[in-house]
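A.B. asks: A predicted structure for the sequence below; I have some questions about it.
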Number of protein chains: 2
Amino acid sequence: MDDGGAGGEPGTFAHDVLAVVLRITEAVPSVLLWQRAREPHLGRWALPGGRLGADEDVEASVRRHLAEKVDLAEVAHVEQLGVFSDPHRGPPPRRVATAFLGLVPTDADPAVPDDTAWHRVDRLPATAFDHGAITRDGLDRLRAKLSYTNIGFALAPDAFTVSELRDLYAAALGHRVSATNLQRVLTRRGVLVPTGATAAPGPAGGRPAAVFRFSEHVLRVTDPFAALRPPGDTG
Amino acid sequence: MDDGGAGGEPGTFAHDVLAVVLRITEAVPSVLLWQRAREPHLGRWALPGGRLGADEDVEASVRRHLAEKVDLAEVAHVEQLGVFSDPHRGPPPRRVATAFLGLVPTDADPAVPDDTAWHRVDRLPATAFDHGAITRDGLDRLRAKLSYTNIGFALAPDAFTVSELRDLYAAALGHRVSATNLQRVLTRRGVLVPTGATAAPGPAGGRPAAVFRFSEHVLRVTDPFAALRPPGDTG
DNA sequence: CCACGTTTTCGACCAGGAGGCGAAAACCAG
DNA sequence: CTGGTTTTCGCCTCCTGGTCGAAAACGTGG
């Protein structure tokens, strides 16, 4: 079996880390992209990332590279998506990439370099390599986790009303969400707690909304999944 | 930042693929391990795998390496677990590994090389590198997916009774499972279908059990997860 | 200051999913 | 035919989540 490949010893490959950084803007998810200034794929938009360093694991590496594009303090959550290793996912030399999902709250608007911008996921520009597909993977992961974890904390401000949170969830999921149900589900799971404060009504009046916050700001799988629990464990 | 590292160009690393191959034996999960005959970690037990090749993606690679240890036709399911990249996960030179989960049905008993054997996960021998932790990750993944996917097809024989399937699930999950509930849940989801046949009673007599099979032999997430469905989608 | 529109909140209702239990069914052995 | 054994099935209950509508709590305009 040919182990050669351009540049490098047999069985070794350039390893990149990439981040799908998502944020809800204008009632729709957006992803952080930067425009390539060199070949290959000059002018196309790519995910933030870079080479894995010698003394870091992939998560440390993606945080280091991300810090060059945004203030890391604004990124509320990071998790691994998976490995993308198709030999033809880009022009030679071959590259293997570990992709991550990153989330930024709506109230944060981190400064970004000139070559970098947020792009609505429903109107992606021409993307480099397989970064379009990786972005879709990241969005799918976010949508799945919204319903069985407390991952909303990474999209929402510290304090918010139920209506605001509903709009956030609706934007991320891509369909309408009932405020009644959202509040009940999240409260019953203990991920949503009232602060006691109330928000001022809008210009048209209306009852003042209660202000909530997430009880935890680290990811927690609230549902030990549905079926086949141990006996005596009544949900 | 030092990009050197032993042997290799800056930013390139040896990339391995590894497989946590699980199979239910004697009412407990076992993992396929082989005993290292060379340093480092001579004599310790390691997961099957090897170097990523130049013309294959990681999944093709893990299947190729796995074929050296077991008949691939016996492996009913393969999926990616994630990347393990701690710089100190093993002695230098540094290696990055993509781990997979593989499942073998109980009725298959593939021939394995002399250096290879099944080991109960509750009595693991001294493992090489971080392979013990990776094995635990694989088992966790299996347990989670048993409750919200049809992944049982990869552990069970083609045909089986509900009692046999209950024992299989109980072994994999590590706790008792109700046959009544198991049959109801899986049937309602449409993953379990009766063949019409019945199995002969055991030596002590008893009502003959109906024989079932899985309706599909590819992974399917049966539960579009619990909460926050689109309106009108009544579960 | 009172009627009206607006927004939020809360309770009630309903369906579906899942765990628990016991009776009935279907077999074997003596 | 009686007793032991195993499987199967129906019934009950709890919990979760979707839906709806009434009530609460505001502004505004007459």
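C.D. replies: Yep, it's here. Numbering: from 1, shown residues only, chains lettered A, B, ... in the order given.
A.B. asks: need the residues of chain A near DNA strand D, please.
C.D. replies: A:178, A:180-181, A:184-185, A:188-189, A:198, A:201, A:203, A:205-208, A:223, A:234-235 (C-beta under 7 Å from any atom of the strand). The C-beta positions use only the backbone N, C-alpha and C, and glycine is treated the same way.
A.B. asks: Take the residues you listed and keep only those in helices.
C.D. replies: A:180-181, A:184-185, A:188 (DSSP state H).
A.B. asks: just those that are near DNA strand C?
C.D. replies: A:T180.
A.B. asks: which of the ones in helices among the residues of chain A next to DNA strand D are close to chain B?
C.D. replies: Counting by C-beta under 8 Å from any C-beta of the partner chain, A:181, A:185 from these sit close to chain B.
A.B. asks: in stretch A:93-107, what's buried?
C.D. replies: Within stretch A:93-107, the residues scored as buried using 16 or more other C-beta atoms under 10 Å in any protein chain shown are A:94-106.
A.B. asks: For that stretch, what is the distance to the chain centroid?
C.D. replies: Centre-to-centre, stretch A:93-107 and its host chain are 8 Å apart (C-alpha atoms, centre = their mean, to the nearest Å).
A.B. asks: and it, average pLDDT?
C.D. replies: Mean pLDDT, stretch A:93-107: 96.
A.B. asks: now check that stretch, is it near chain B?
C.D. replies: Yes. With C-beta under 8 Å from any C-beta as the criterion, chain B is reached by stretch A:93-107 at A:94, A:96, A:98.
A.B. asks: First-to-last residue distance for that stretch?
C.D. replies: 40 Å (C-alpha to C-alpha, to the nearest Å).
A.B. asks: Just the closest residue of chain A to DNA strand C, please.
C.D. replies: Residue nearest to DNA strand C within chain A (C-beta to the nearest atom of the strand): A:G206, separated by 2.3 Å.
A.B. asks: per-residue confidence for that residue?
C.D. replies: At A:G206, pLDDT is 88.
A.B. asks: tell me the angle of the longest strand along chain A relative to strand B:12-25?
C.D. replies: Determined from DSSP state E, the single longest strand within chain A is strand A:12-25. Inter-element angle recorded for strand A:12-25 and strand B:12-25: 80 degrees (by axes from the mean of the first three to the mean of the last three C-alpha atoms, to 10 degrees).
A.B. asks: Quick one: mean pLDDT for the helix or strand following strand A:12-25?
C.D. replies: Next helix or strand after strand A:12-25 toward the C-terminus (DSSP states H and E): strand A:28-35. Here strand A:28-35 scores 98 as its mean pLDDT.
A.B. asks: which residues sit against strand A:28-35?
C.D. replies: Defining contact as C-beta atoms under 8 Å, 6 or more residues apart in numbering or on different chains, one finds that strand A:28-35 is touched by A:19-24, A:43-48, A:69-70, A:102, A:104, A:112-113, A:115-122, A:124-125, A:127, A:131, A:135, A:138-139, A:142, A:171-172.
A.B. asks: Narrow the residues you listed to those in strands?
C.D. replies: Per DSSP E, those map to strands at A:19-24, A:45-46, A:102, A:116-120.
A.B. asks: pretty sure A:S215 is touching A:P194, no?
C.D. replies: No. Shown here, A:S215 and A:P194 do not form a contact pair, counting by C-beta atoms under 8 Å, at 10.5 Å.
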